[in-house]
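**Q** heads up, no residue letters with this:
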Ligand code: GGG
């Protein structure tokens with residue numbers, strides 16, 4: 001469990017009303033975002049939190065209807081009115097559509113959400129022991145989307161994409177990774193249950209043996225941040241892993257990884273892969289985090305194959321809701337949600353088809369709320 005790495009506000013005894021933007025996006029995003037809303041609406045009153053919700057638009061479906069994938073209004077309301085937000089999923093087409101660009105990639109940039117934090121944790125006694133957090137840089141790398149296609153003299157096409165890695169963005173993401181490692185260790189030291197990791201570690205993932213400049217800068221900057229802050233970070237074990245062998249080791253011995261920090265693309269791929277270790281992509285949450293805002297977002301996509309069937313797994317969104325609350329500074333409320341989800345998973349009865357069950361999305365939501 002990951003708690004309050006950056007508190008934007010503090011826990012108080014006074015009733016606090018938080019305004020949450022709900023951006024379902026495409027496909028099953030529309031089915032799972034109501035799960036986050038119901039969870040917040042049903043949080044026990046002892047947490048002194050009350051919620052107001054505002055529905056906001058974004059997505060490829062929206063683009064097809066209106067020609068806009070991310071309306072300015074969505075960004076303005078998030079920036080000016082909301083305390084946090086939940087984003088569902090988006091189904092960007094695999095081939096270029098004139099005028100379209102991924103709204104979630106744009107939203108992360110416009111809101112300054114430079115980190116995508118993806119905890120992957122198994123429930124005790126179920127499957128392989130895994131307890132890692134993938135900290136993915138969220139604003140650059142190949143996702144700057146500066147691409148072009150041109151023709152060579154012989155008439156064949158060539159496509160090129162910029163992979164941008166900056167010292168500034170890497171410094172921020174590296175600091176976030178080390179802070180998360182320290183925070184996780186402090187939670188472990190205050191938890192009575194048996195823990196997988198005795199010591200905090202951060203594994204810097206890169207491919208600098210081939211991409212010596214771009215990934216080289218990422219690797220060097222992560223190390224520099226560690227060295228410069230060694231007084232604070234001396235208890236953290238610093239490790240490096242080339243991304244292809246990282247994939248191999250992550251599947252062979254996932255239990256050794258604590259915090260993994262990666263450039264945008266590797267982080268995206270590693271975290272979806274890591275989801276296979278804990279049974280389903282439908283279980284894995286994420287939060288897009290900046291210095292003063294967090295958007296919870298399930299790692300899964302829009303899953304058009306199951307859209308409309310009422311069987312999408314709401315747990316990734318429910319855990320993302322908890323993660324959003326953690327980053328907003330409400331770790332106790334977040335812990336309540338994590339515990340209720342773990343209890344549902346441990347009992348292993350009310351579960352959606354991706355986990356081998358036959359329960360509906362709504363039945364899982366209600367079973368989790370029942371455990372508050
Ligand atoms: N919630 C994560 C999600 O929607 N994943 C699918 C994805 O990567 N979408 C990017 C896009 O379609 O632009």
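**A** Yes, it's here. Everything numeric here is computed off the predicted structure, so don't read it as measured data.
**Q** can you give me the helices in the stretch 1-150 of the chain?
**A** Using DSSP state H, counting those that start in this stretch, the helices of the stretch 1-150 of the chain run over 29-41, 60-66, 72-81, 103-110.
**Q** Most tightly packed of these?
**A** Highest mean neighbour count among those (mean count of other C-beta atoms under 10 Å): helix 29-41, with a mean of 23. The way it works is simple: take the backbone N, C-alpha and C, and place the C-beta from them, glycine included.
**Q** export the helices of the stretch 1-150 of the chain to a markdown table and tack on distance to residue 168?
**A** As requested, the helices of the stretch 1-150 of the chain are exported to a markdown table (distance: least, C-beta to C-beta, whole Å):
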| stretch | distance to residue 168 |
| --- | --- |
| helix 29-41 | 31 |
| helix 60-66 | 31 |
| helix 72-81 | 21 |
| helix 103-110 | 14 |
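**Q** could you check the distance from the closest residue to the ligand within the stretch 101-250 of the chain over to residue 341?
**A** At 2.9 Å from the ligand, residue 102 is the closest residue in the stretch 101-250 of the chain, using C-beta to the nearest ligand atom. Noted for residue 102: a distance of 28 Å to residue 341, by C-beta to C-beta, to the nearest Å.
**Q** of these two, who's got more company?
**A** residue 341 (24 against 19; other C-beta atoms under 10 Å).
**Q** any idea which element the more buried one lies in?
**A** helix 331-347 (DSSP states H and E).
**Q** tilt between that helix and helix 29-41?
**A** On the basis of axes from the mean of the first three to the mean of the last three C-alpha atoms, to 10 degrees, helix 331-347 is oriented at 120 degrees to helix 29-41.
**Q** Based on its surroundings, how many neighbours for whichever residue of the stretch 251-372 of the chain sits closest to the ligand?
**A** Closest approach between the stretch 251-372 of the chain and the ligand, counting by C-beta to the nearest ligand atom: residue 301, at 3.4 Å. For residue 301, the neighbour count with other C-beta under 10 Å is 18.
**Q** Tell me where the longest strand sits in this structure.
**A** Longest strand in the chain, counting residues (DSSP state E): strand 16-25.
**Q** now for it, which elements pack on it?
**A** Judged by 3 or more C-beta pairs under 8 Å, 6 or more residues apart in numbering; DSSP states H and E, strand 16-25 is in contact with helix 29-41, strand 49-55, helix 72-81, strand 84-89, helix 103-110.
**Q** List the residues that contact the residue lying closest to the residue of the stretch 101-250 of the chain closest to the ligand once chain neighbours are set aside.
**A** Leaving aside its chain neighbours, residue 102 sits nearest to residue 92 (4.7 Å; criterion: C-beta to C-beta, 6 or more residues apart in numbering). Going by C-beta atoms under 8 Å, 6 or more residues apart in numbering, residue 92 touches 60, 100, 102.
**Q** coming back round to it: just flag whichever of the helices and strands packed on strand 16-25 has the lowest average confidence.
**A** Among these, helix 103-110 has the lowest mean pLDDT, at a mean of 94.
**Q** neighbouring contacts of it?
**A** Under C-beta under 8 Å, 6+ apart, the answer for helix 103-110 is 23, 25, 58-60, 62-63, 69-70, 74-75, 78, 87, 90, 113-114, 116, 138-139, 143, 145, 288, 295, 297.
**Q** what about burial for these, which qualify?
**A** Buried by 16 or more other C-beta atoms under 10 Å: 23, 25, 58-60, 62-63, 69-70, 74-75, 78, 87, 90, 113-114, 116, 138-139, 143, 288, 295, 297, out of the contacts of helix 103-110.
**Q** How about the contacts made by residue 293?
**A** Contacts of residue 293 (C-beta under 8 Å, 6+ apart): 8, 78, 82, 84-85, 111-113.
**Q** okay, the residues you listed in JSON lines with distance to the ligand next?
**A** Compiled in JSON lines, those are given as follows (distance: C-beta to the nearest ligand atom, whole Å):
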{"residue": "8", "distance to the ligand": "22"}
{"residue": "78", "distance to the ligand": "16"}
{"residue": "82", "distance to the ligand": "18"}
{"residue": "84", "distance to the ligand": "16"}
{"residue": "85", "distance to the ligand": "13"}
{"residue": "111", "distance to the ligand": "15"}
{"residue": "112", "distance to the ligand": "19"}
{"residue": "113", "distance to the ligand": "13"}
